[in-house]
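Student: A predicted structure for the sequence below; I have some questions about it.
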Amino acid sequence: MTGRSTEDLVQQLIRNLPPVKPIARLRVAAVGVVALWVVAVVATGWMTGKWPRLGEAAFWADPITLAILLGLGAVAAGAVVAALASAVPGRERLARAGGMGAGIAAIWLIGCGLWAVGGSASESAGGLFAGSASCLVHALVLAIPAALATSFYLSRGAPQHRLFTSGVAAAGAAGLGALAVHTTCSMAGGFHLLLGHCLTPMIAGLVFALPLAGLIQRWSPAALES
Amino acid sequence: MGDEREARWRNWMVAAQAGETPAYEKLLAELIPYLRRFVQRRLLNTATAEDVVQNVLISIHRARGSYRAERRFTPWLHAIARNAIIDQARQQVRRSHREISLEADGVAEPSTPAVEPTSERLSPELEGALHALPDAQREAVELIHLQGYSIAEAAERAGATKAALKVRAHRGYRAMRAHIEALRLEEGGG
């Protein structure tokens, strides 16, 4: 037993009860994240001249490109849904489903990347690194607005497994970034597709889980009040 | 009956989100017995049930912004309560691992007191938390933590078994932490 009764605790909690704004609906938050991603894609397209090649017949003719497109879309959707839902108590089932979907899509992506590696001619190490790093960085830049919007939402919620939540948030945002990059990039090397496109969400999820968890914590109303 | 209660709790929570203290007080008062039953059914160690209930109440307070009126209240409440139970179980496992490793290293069994009684060195916050403890828990915390006695020596001085003293000390630490958290919560205004 504690030194203070539960009834005393209630009295402490009800004292100075500031009004709080209820968290936004998941659907609204998801639409907001996607809208910011679209803005980022349009803004970088306008600045760099790199636009999605969705109108090119060659883009739709390559099965590996399409398989990666599908995988990145599924990782992004699953991970963003998992992150947003994990911030709302009672939505654990949706968070788990999103996380599982993202996990399966990640395995699919690794398979696609290996398929691309197996089917492509050898690439020079220097060109491979430069091209892959360029796409990775481009994807991460495009992911920033979505990652910030997701983090803001999560800071208003009550995520239970903070590292899982921030990891899938980072993976989801990076998945959106990689999806846009995949549609604009015209490099065809197998290793490039694996390192610069397919692995981007996983790399971001691992590398940025901790910093994003810190940001979410910092933005939480309790932290801002103190 | 269930639907009526669901609607009542939902309305009170919505009012609490708007800052209405009476509604929040009614909600928490009705939740306490409900949570006690919920927690006791799921805990192996029912001695810690009241601590878990208090943790759930604090979690509800912190997470009240994450509730939306168009969704049912009880699944939201159950998720928070389940998480508090899981946290409690994890803490217990961590604590027992720590105890085992300390005992294996002989750290918990020093032959002489490590320090002299030092309650005057405590911060006012800690001192307040210590004095709020029941006598048995305060004695256990003072003997082990402040006066540096080994578990065996402290148990002998308190006239209790080693296991009982450890339990008292752990409950004391937890109560002190809860006391300090509540104080900070109060100071932070929510």
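Tutor: Arrived safely, thanks for sending.

Student: contact partners for the residue sitting nearest the centre point of chain A?
Tutor: The residue lying closest to the centre of chain A (C-alpha atoms, centre = their mean) is residue A:172, at 1.7 Å. Neighbour list for residue A:172: A:33, A:75-83, A:102, A:146, A:150, A:201 [criterion: C-beta atoms under 8 Å, 6 or more residues apart in numbering or on different chains]. The C-beta positions use only the backbone N, C-alpha and C, and glycine is treated the same way.

Student: name the helix or strand for it, please.
Tutor: helix A:162-184 (DSSP states H and E).

Student: extract the C-alpha set from that helix and format it as CSV.
Tutor: Only the C-alpha atoms of helix A:162-184 are listed here, as CSV (Å, rounded to 0.1, in the frame of the first residue of the first chain):
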residue,chain,number,x,y,z
ARG,A,162,7.3,4.9,-27.1
LEU,A,163,10.1,3.4,-29.2
PHE,A,164,7.8,1.3,-31.2
THR,A,165,5.6,4.4,-31.9
SER,A,166,8.5,6.6,-32.8
GLY,A,167,10.1,3.9,-34.9
VAL,A,168,7.1,3.2,-37.0
ALA,A,169,6.5,7.0,-37.3
ALA,A,170,10.0,7.4,-38.7
ALA,A,171,9.6,4.4,-41.0
GLY,A,172,6.2,5.7,-42.2
ALA,A,173,7.4,9.2,-43.0
ALA,A,174,10.5,7.8,-44.7
GLY,A,175,8.3,5.4,-46.6
LEU,A,176,6.4,8.3,-47.9
GLY,A,177,9.6,10.1,-48.9
ALA,A,178,11.0,7.0,-50.5
LEU,A,179,7.8,6.4,-52.4
ALA,A,180,8.1,9.9,-54.0
VAL,A,181,11.8,9.4,-54.7
HIS,A,182,11.1,6.0,-56.3
THR,A,183,8.7,7.6,-58.8
THR,A,184,11.2,10.4,-59.7
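
Student: quick one, helices of chain B?
Tutor: B:2-17, B:21-42, B:49-63, B:73-105, B:124-131, B:135-141, B:151-158, B:162-188 (DSSP state H).

Student: for the ones you listed, which one ends up most surrounded?
Tutor: helix B:49-63 (a mean of 22; mean count of other C-beta atoms under 10 Å in any protein chain shown).

Student: would you mind measuring from the residue nearest the centre of chain B to chain A?
Tutor: When C-alpha atoms, centre = their mean is applied to chain B, the residue found nearest the centroid is residue B:51 (4.0 Å). Residue B:51 is 6 Å from chain A, where distance means C-beta to the nearest C-beta, to the nearest Å.

Student: that residue touches residue B:179, doesn't it?
Tutor: No - counting by C-beta atoms under 8 Å, residue B:51 sits too far from residue B:179 to count as a contact (11.8 Å).

Student: tell me the spacing between the residue nearest to the centre of chain A and residue B:154.
Tutor: 52 Å (C-beta to C-beta, to the nearest Å).

Student: just residue B:173 next, same as before
Tutor: For residue B:173, the distance to residue B:154 - C-beta to C-beta - is 14 Å.

Student: could you do residue A:201 as well?
Tutor: 53 Å.

Student: to what extent is residue B:47 buried, counted in neighbours?
Tutor: Neighbours of residue B:47 under the rule other C-beta atoms under 10 Å in any protein chain shown: 10.

Student: how near is it to residue B:174?
Tutor: Taking C-beta to C-beta, one finds residue B:47 at 11 Å from residue B:174.

Student: same check on residue A:171?
Tutor: Counting by C-beta to C-beta, the gap from residue A:171 to residue B:174 is 36 Å.

Student: just the local confidence number for residue A:221, please.
Tutor: pLDDT, residue A:221: 78.

Student: before we move on, back to that, which other helices and strands does whatever helix or strand comes next after the helix holding residue A:172 contact?
Tutor: Sequence order places helix A:190-192 as the next helix or strand after helix A:162-184, per DSSP H and E. Here helix A:190-192 touches helix A:92-118, helix A:125-156, going by 3 or more C-beta pairs under 8 Å, 6 or more residues apart in numbering or on different chains; DSSP states H and E.
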